[in-house]
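J.: Sequence and predicted structure are below.
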Amino acid sequence: MTASIKDYLMLHFIVLIWGFTAILGLLISLPSIELVFYRTLIATIGVAFLFLIKKKRLIIKPKDMIQVTGVGFIIATHWILFFWSAKVSTASVCLAGMATTSLWTAFVEPIFNKTKIKWYEVALGLMVISGLLVIFSFEGGYWLGLIMALASALLAAVFSVINGNLTQKYSPYQITFYEMAGACLCSALFMPIYSLFVSEGGVKLNWEGYDWFWLLILGGVCTVYAFSVSVELMKRLSVFSINLTINLEPVYGIVLAVLVFGESEKMTPEFYLGTAIILVSVLSYPVLNYFNRRRKSKRMTGIS
């Protein structure tokens, strides 16, 4: 089945939705722990509802269920750091740090799969560091948020590599259900520790204003809907084209943040210079990886 222009436009729309999550984190009054708890709870119920409608098998082997649920703990920590980063800094700073996810993956994947690290991945990694140094030099007040975003990006790389292996055994929908349930459980278990040692006001589970509306969008649209559509698009679009487009998430997110929050999201020119350096390196990675695979393929087939 060939891809249509509509498929590519839909993919960009999904990436645009994902770029809006940091903004939703700022619009919702709840702290990051409580926010992740509600997001994953809504997503778990949403995916279960999809299984009910499609009458698909939800149960997996108990041993694998524990493993997949454990990955949900990593996802919960990733999202907690992601939203926390946006709250202690800005959505733009958060998204700049998250732009390093694909490059983190370039280093994490060889460790998990026991393969060699490619030279151009090291070069692009150094390029990312130079962009971060530019941001640090001129936006020092946001260093905590940037560090949280970098840690969140690293965790995103870890669970994406693990998920790549899990999809060989189970459907993406089964994996998502148990990971969302695990993430919800993780955030719930962390709440007492968070209340005692981090939050002065204790756990805050009460909604304010339009929190309920933004949470439904975050859990329903940005998580359940966006994920299910992205899986459907994988039937017609190549993995290369999908990954290349997903790398544009920080660009869409930063533009949306400026449009929504205005002056509070406008940074110094040096910040955007550093972000541009990071994005160039991120967008260069799949291109270089593509040509590297072609070179190896030609070498194996003997084509000069």
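T.: Yes, it's here. Numbering: from 1, shown residues only.

J.: packing partners for the longest helix anywhere in the chain?
T.: Selection of the longest helix in the chain by residue count, based on DSSP state H, yields helix 269-301. Packing partners of helix 269-301 (3 or more C-beta pairs under 8 Å, 6 or more residues apart in numbering; DSSP states H and E): helix 91-98, helix 101-113, helix 119-138, helix 239-246, helix 249-261. Just so you know, the C-beta spots here come from the backbone N, C-alpha and C atoms, and that holds for glycine as well.

J.: average pLDDT for the second one?
T.: Model confidence over helix 101-113 averages 80 on the pLDDT scale.

J.: So which residues make contact with that helix?
T.: The contact list for helix 101-113 (C-beta atoms under 8 Å, 6 or more residues apart in numbering) reads 115-118, 121, 124-125, 128, 153-154, 156-158, 160-162, 165, 243, 246-247, 281-282, 285-286.

J.: for stretch 77-84, same thing?
T.: Against stretch 77-84 from outside (C-beta under 8 Å, 6+ apart): 21-22, 25, 32-33, 35-36, 39-40, 94, 98, 145, 148-149, 151-152, 155-156, 159, 183, 186-187, 190.

J.: Equivalent analysis for stretch 9-16, please.
T.: With contact meaning C-beta under 8 Å, 6+ apart, stretch 9-16 is reached by 226, 229-230, 233, 237, 241-242, 245-246, 248-249, 252, 256.

J.: Could you list the buried residues of the longest helix of the chain?
T.: For helix 269-301, burial by neighbour count (16 or more other C-beta atoms under 10 Å) applies to 271-272, 274-275, 277-279, 281-286, 289.

J.: How about stretch 9-16?
T.: Neighbour counts over stretch 9-16 (16+ other C-beta under 10 Å) mark Met10, Leu11, Ile14, Val15, Leu16 as buried.

J.: Give me the pLDDT value at the first one.
T.: By that I understand Met10. Looking at Met10, the pLDDT reads 89.

J.: before we move on, what about the fourth one?
T.: For Val15, the pLDDT comes out at 86.

J.: what's the spacing between it and Thr77?
T.: Going from Val15 to Thr77 by C-beta to C-beta, to the nearest Å gives 23 Å.

J.: Going by neighbour count, list what's buried in stretch 169-176.
T.: Within stretch 169-176, the residues that count as buried by 16+ other C-beta under 10 Å are Tyr170, Pro172, Tyr173, Gln174, Ile175, Thr176.
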